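Participant: sequence? don't have it. structure:
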């Protein structure tokens, strides 16, 4: 059950990125030097994709706290790297972002590392 809670948290965090990206695609580029923060806040709260992203983050934080109440942080934290994998595939499927051999190799190494960490949790 601890694995499921951790994976839900990581997945929701990655899903938040998808909603935030989609929302920002609608808003467009923001000049960080000339931004009107009040107008930006109003624009953000009118954008349903950004609001969904915030909700996903909130749910991710709650499930993460539940996970941390049950397992060691040194066990749970490496699972966050799975978020890179989720986001990469979300980007590929939803935004037509590139996927190449180097990214696939990176996924492989991340998975190997997470499997080692997961195995360590089984023996303790």
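Facilitator: Yep, it's here. Remember, predicted model here, so these are calculated numbers, not experimental data.
Participant: now the helices for the protein?
Facilitator: Under the criterion DSSP state H, helices of the chain are mapped to 2-27, 37-45, 48-68, 73-76, 82-95, 101-123.
Participant: tell me what the first one is packed against?
Facilitator: The elements that helix 2-27 packs onto, with contact taken as 3 or more CB pairs under 8 Å, 6 or more residues apart in numbering; DSSP states H and E, are helix 37-45, helix 48-68, helix 82-95. (C-beta placed from N, C-alpha, C; glycine too.)
Participant: Distance to residue 119, mean neighbour count and mean pLDDT added to these, as CSV?
Facilitator: Below are the helices and strands packed on helix 2-27 laid out as CSV (distance: least, CB to CB, whole Å; neighbours: other CB atoms under 10 Å; pLDDT from 0 to 100):
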stretch, distance to residue 119, mean neighbour count, mean pLDDT
helix 37-45, 42, 11, 88
helix 48-68, 18, 17, 97
helix 82-95, 15, 16, 94
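Participant: ok now do the spatially most central residue of the chain, which residues does it touch?
Facilitator: Geometric centre of the chain, nearest residue: residue 14, 2.3 Å, by CA atoms, centre = their mean. Residue 14 sits next to 83, 86-87, 90 when contact means CB atoms under 8 Å, 6 or more residues apart in numbering.
Participant: Mind doing that once more with 10 Å?
Facilitator: By CB atoms under 10 Å, 6 or more residues apart in numbering, the contact list for residue 14 reads 56, 60, 80, 82-91.
Participant: What of residue 28?
Facilitator: Contacts of residue 28 by CB under 10 Å, 6+ apart are residue 43.
Participant: Give me the local confidence score for it.
Facilitator: Looking at residue 28, its pLDDT is 89.
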